[in-house]
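Undergrad: pasted the sequence and its predicted model underneath.
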Amino acid sequence: MTLKFYKYQGTGNDFIMIDNRKKSFKNDTKRIAFLCDRKFGIGADGLILLEASEDREDDFKMVYFNSDGNESSMCGNGGRCLVKFAQFLGVINGKATFTAIDGKHYATIDEHLVSLQMQDVLHVEKINDAYFLDTGSPHHVSFMENVDQLNIKETGARIRYSETYKKDGVNVNFVAPQEDYLQVRTYERGVEDETLSCGTGVTAVAIAAHKEKLIQNDKVAIVAQGGSLSVSFDEENGSYKNVWLTGPAQFVFEGTILC
Ligand SMILES: N[C@@H](CCC[C@H](N)C(=O)O)C(=O)O
């Protein structure tokens, strides 16, 4: 088939977008892995389908696949980019309500910034010196002094395939707290490598940093390899609600491809 696609990125986490409201794109692991391949295909960390939602309250539905071709859990940066794509298609005007695999999301657009409401986080687990929490996707968060020299692919893979996580896998975030922001590098499950940014990851980092008492505020600045994001939340008795992820989301290019 000849496929029309659009490419977006949010702080360097990049995605292929497909308007699948007419259900013309058939999900196939091999085809999606090919499209995401940086040498043989378009190249991306993931692929996202914008579909019509069964829920009348929604503007659209989000279906997310990692670059390995498998459908996965929530993608925060992908969700923000999809909102920009929906705006381009004329499906929304400035704000959005949509359903993804982890439930309902609300979003707003303010020029180049897209804010996305993430799931409430009611449980945060401490595992040795690190944290585990689910922000729509599962995340391991480790705090350390310096992350610049770390081999993220090797160290991340060791944790992702460890006894603790090997059943479902995990995304792994390495964090170096700085004076007024958190520096983050992330290994992503399903990409099986470092990505330049991970939205559910930086959300997990902000909450884990609050648990660790590294931050007192309910708004946190995060610097990922591909750019800056912010996370805000309301904390009450250890639960995190009204969680918002904000950052840039940009169109990169469009095209057609035989697949
Ligand atoms: N890049 C994403 C996370 C995508 C899902 C993840 N790779 C997984 O399978 O858990 C984000 O921005 O949140």
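TA: Right, received. Where do you want to start?

Undergrad: number of nearby residues for residue 121?
TA: Close neighbours of residue 121, defined as other C-beta atoms under 10 Å, add up to 22. The C-beta positions use only the backbone N, C-alpha and C, and glycine is treated the same way.

Undergrad: isn't it up against residue 242?
TA: No - the pair residue 121 / residue 242 is not scored as a contact, 10.9 Å apart, by C-beta atoms under 8 Å.

Undergrad: confirm that residue 155 sits in a helix.
TA: Yes - judged by DSSP: H, G, I helix; E, B strand; the rest coil, residue 155 forms part of a helix.

Undergrad: phi first, then psi, for the residue lying closest to residue 254 once chain neighbours are set aside.
TA: In this structure, residue 254 finds its nearest non-sequential neighbour in residue 6, 4.7 Å apart by C-beta to C-beta, 6 or more residues apart in numbering. For residue 6, the backbone dihedrals (degrees, to the nearest 10) come out as phi -130, psi 140.

Undergrad: burial count for residue 6?
TA: For residue 6, the number of neighbouring residues by other C-beta under 10 Å comes to 21.

Undergrad: quick check: bridge partners of it?
TA: residue 17, residue 254 (DSSP bridges).

Undergrad: tell me the contacts of it?
TA: By C-beta atoms under 8 Å, 6 or more residues apart in numbering, the contact list for residue 6 reads 16, 17, 18, 19, 85, 88, 251, 253, 254.

Undergrad: in ChimeraX, select just the buried ones from those residues.
TA: Of those, the buried ones go into a single ChimeraX selection, burial set by 16 or more other C-beta atoms under 10 Å:
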select :16,17,18,19,85
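
Undergrad: could you pull out the helices in the stretch 51-200 of the chain for me?
TA: For the stretch 51-200 of the chain, helices defined by DSSP state H, counting those that start in this stretch occupy the ranges 76-89, 152-160, 199-211.

Undergrad: fine by me, we can end here.
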